[in-house]
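Participant: missing the sequence, but the structure's below:
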Ligand SMILES: [Zn+2]
Ligand SMILES: [Zn+2]
Ligand SMILES: [Zn+2]
Ligand SMILES: [Zn+2]
């Protein structure tokens, strides 16, 4: 699962489109009991003396984590150190980041950030001398990187996968005990990396190990966003225990990172003994269809949680659009819950509209609002939200909520003192609107609530 940190405005929902085919699950080499034992060994010192949970088969999907006693809201459930980790190396990220300590490597050019031995990895002076880099350096040198003056994101991205090479026997068994889904693209990642070296390994056994690791990443990885000495780093990391947390759209737990390599999972709600502990892989405030499409495309499953089965979404009406019937301004919501192409019905005139028509309308609202988010100043955004949006988009619709989140985000993170008292009052009202939705959804002390109440930065 990739982490969905509730960083408003940093990820935009997909428009309605077809789902890719279901990914295939690779064979798992361990029983649930064996997996639980391997996880205990992996946790080592971090394993709580008396855990409030256990690993077991899940009615939601595969294996899951279950409460073995009543758990209080806010309680820390476990902390876990990563088994495999590396830079995400997205194009937008700062590539001149040390591959071990994630500090920015000083210097004006890529060449200054790269290891002087020519392995092609950016590394700081201190980490360059560490045994950990020495072994990675030897391996990369053996494969003969083509690019030694510029940082290549493709070879940087494969580093988290290649690190499987240095796992011990027990960690390898744990890796093979994790769920790994083969999507259409997993071989591509190796091919792209192979193109960066003269002598990338070709032995089938080695390639299979890489493929397996990539699929484990695609299925379980968390993308962690941490701040290292004032610069933001994005890394992807595998956490075998946290990776077992199944998804619910209104979950009872959340996670955060202590540093990029340690994850902490806490209860957001009271969890009764026996209940499954869940987190959300999608954004909390997206509409049901937006979440379903996102989960289908990125995770290959169709969520059937209680929230997904309630067309009103606990009375939040996050999906609602205005009725298309002349003279009626009623709210229209999707009526079926198990399909990506539901009929929509007006709550006032009861007219039914085909999905295609409403999807076009929703995409129009989404694109209009996203364009504004990307191009408008905060005062213009406030004017747009208050005066223009109500003409075409009900106040409960999730894209309008996203726009409000974006305003809160910008006003509290950047140039905080330049706003007028009126603008601050609008922001505070948006915050109340969103807290009311979080409350209706029963999301408890979720990360988003902490973010907008500025408990965490
Ligand atoms: Zn370093
Ligand atoms: Zn090196
Ligand atoms: Zn759901
Ligand atoms: Zn109507």
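Facilitator: Here it is on my side, so go on. These numbers were taken from a predicted model, which means no experiment stands behind them. Ligands and ions are numbered 1, 2, ... in the order given.

Participant: how far is stretch 333-345 from where the chain is centred?
Facilitator: In terms of CA atoms, centre = their mean, to the nearest Å, the centre of stretch 333-345 is found 26 Å from the chain centre.

Participant: give me the buried positions along it.
Facilitator: For stretch 333-345, the neighbour count (16 or more other CB atoms under 10 Å) marks 333, 334, 340, 342, 344, 345 as buried. The way it works is simple: take the backbone N, C-alpha and C, and place the C-beta from them, glycine included.

Participant: same list (those residues) but as JSON lines, adding pLDDT and secondary structure.
Facilitator: Formatted as JSON lines, the buried residues of stretch 333-345 follow (pLDDT from 0 to 100; DSSP: H, G, I helix; E, B strand; the rest coil):
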{"residue": "333", "pLDDT": "96", "secondary structure": "strand"}
{"residue": "334", "pLDDT": "95", "secondary structure": "strand"}
{"residue": "340", "pLDDT": "88", "secondary structure": "coil"}
{"residue": "342", "pLDDT": "93", "secondary structure": "coil"}
{"residue": "344", "pLDDT": "96", "secondary structure": "strand"}
{"residue": "345", "pLDDT": "96", "secondary structure": "strand"}
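
Participant: so which of the residues you listed comes closest to ligand 4?
Facilitator: Using CB to the ion, residue 345 comes nearest to ligand 4 of the buried residues of stretch 333-345, at 8.7 Å.

Participant: who's in contact with the nearest residue to residue 177 once chain neighbours are set aside?
Facilitator: The shortest distance from residue 177 to any non-neighbouring residue, by CB to CB, 6 or more residues apart in numbering, is to residue 30 (3.6 Å). Residues in contact with residue 30 (CB atoms under 8 Å, 6 or more residues apart in numbering) are 38, 173, 176, 177.

Participant: up against ligand 4, what does this structure have?
Facilitator: 323, 325, 328, 330, 346, 348, 349 (CB under 5 Å from the ion).

Participant: give me the buried entries from these.
Facilitator: Judged by 16+ other CB under 10 Å, buried ones among these: 323, 330, 346.

Participant: the last one contacts residue 325, doesn't it?
Facilitator: Yes. With contacts counted by CB atoms under 8 Å, residue 346 reaches residue 325, the gap being 6.6 Å.

Participant: redo the buried ones among the residues of the chain next to ligand 4 as TSV? Include secondary structure.
Facilitator: Putting those into TSV (DSSP: H, G, I helix; E, B strand; the rest coil) gives the following:
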residue	secondary structure
323	coil
330	coil
346	strand
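
Participant: make JSON lines out of these and add pLDDT.
Facilitator: Output for those, formatted as JSON lines (pLDDT from 0 to 100):
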{"residue": "323", "pLDDT": "95"}
{"residue": "330", "pLDDT": "95"}
{"residue": "346", "pLDDT": "97"}
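
Participant: ok now do the closest residue to residue 174 other than its chain neighbours, which residues does it touch?
Facilitator: Spatial nearest neighbour of residue 174, excluding adjacent residues (CB to CB, 6+ apart): residue 38 at 4.4 Å. Residue 38 makes contact with 30, 170, 173, 174, 177, 240 under the criterion CB under 8 Å, 6+ apart.

Participant: is it correct that residue 38 falls within a helix?
Facilitator: Yes. Counting by three-state DSSP, residue 38 falls inside a helix.

Participant: check the gap between it and ligand 2 for me.
Facilitator: Look at residue 38 and ligand 2: by CB to the ion, to the nearest Å, they are 32 Å apart.

Participant: parallel or antiparallel, list what pairs with the strand or helix carrying residue 235.
Facilitator: For residue 235, the host element (DSSP states H and E) is strand 231-238. Strand 231-238 has the following strand partners under DSSP bridges: strand 84-87 (antiparallel), strand 222-228 (antiparallel).

Participant: any chance of a markdown table for these, columns mean neighbour count?
Facilitator: As requested, the strands paired with strand 231-238 are arranged in a markdown table below (neighbours: other CB atoms under 10 Å):
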| stretch | mean neighbour count |
| --- | --- |
| strand 84-87 | 24 |
| strand 222-228 | 18 |
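
Participant: re earlier: just flag the most distant two among the buried residues of stretch 333-345.
Facilitator: Farthest pair in the buried residues of stretch 333-345 (CB to CB) is 340 and 345. Separation: 16.9 Å.

Participant: what sits against residue 427?
Facilitator: 407, 408, 411, 412, 419.

Participant: any idea which helix or strand carries it?
Facilitator: Taking DSSP H and E as the definition, residue 427 sits inside helix 421-441.

Participant: please report how far whichever residue of the stretch 301-450 of the chain sits closest to ligand 2 lies from residue 377.
Facilitator: Using CB to the ion, the closest approach of the stretch 301-450 of the chain to ligand 2 is made by residue 413 at 36.2 Å. For residue 413, the distance to residue 377 equals 15 Å [CB to CB, to the nearest Å].

Participant: the more surrounded of the two?
Facilitator: Comparing residue 413 with residue 377 by other CB atoms under 10 Å, the one with more neighbours is residue 413, at 13 against 9.

Participant: per-residue pLDDT, the more buried one?
Facilitator: On pLDDT, residue 413 comes in at 80.

Participant: before we move on, what about residue 139?
Facilitator: With respect to pLDDT, residue 139 scores 94.

Participant: wait, it touches residue 163, no?
Facilitator: No. Contact criterion CB under 8 Å: residue 139 and residue 163 do not qualify, at 9.6 Å.

Participant: compare neighbour counts for those two and give me the winner.
Facilitator: More crowded of residue 139 and residue 163, by other CB under 10 Å: residue 163, with 21 against 15.

Participant: what sits closest to the more buried one if chain neighbours are left out?
Facilitator: In space, and not counting its chain neighbours, residue 163 is closest to residue 84: 5.3 Å by CB to CB, 6+ apart.

Participant: how much space between that neighbour and ligand 3?
Facilitator: Residue 84 is 29 Å from ligand 3, by CB to the ion.

Participant: you'd agree residue 55 is in a strand?
Facilitator: Yes. Counting by three-state DSSP, residue 55 is part of a strand.
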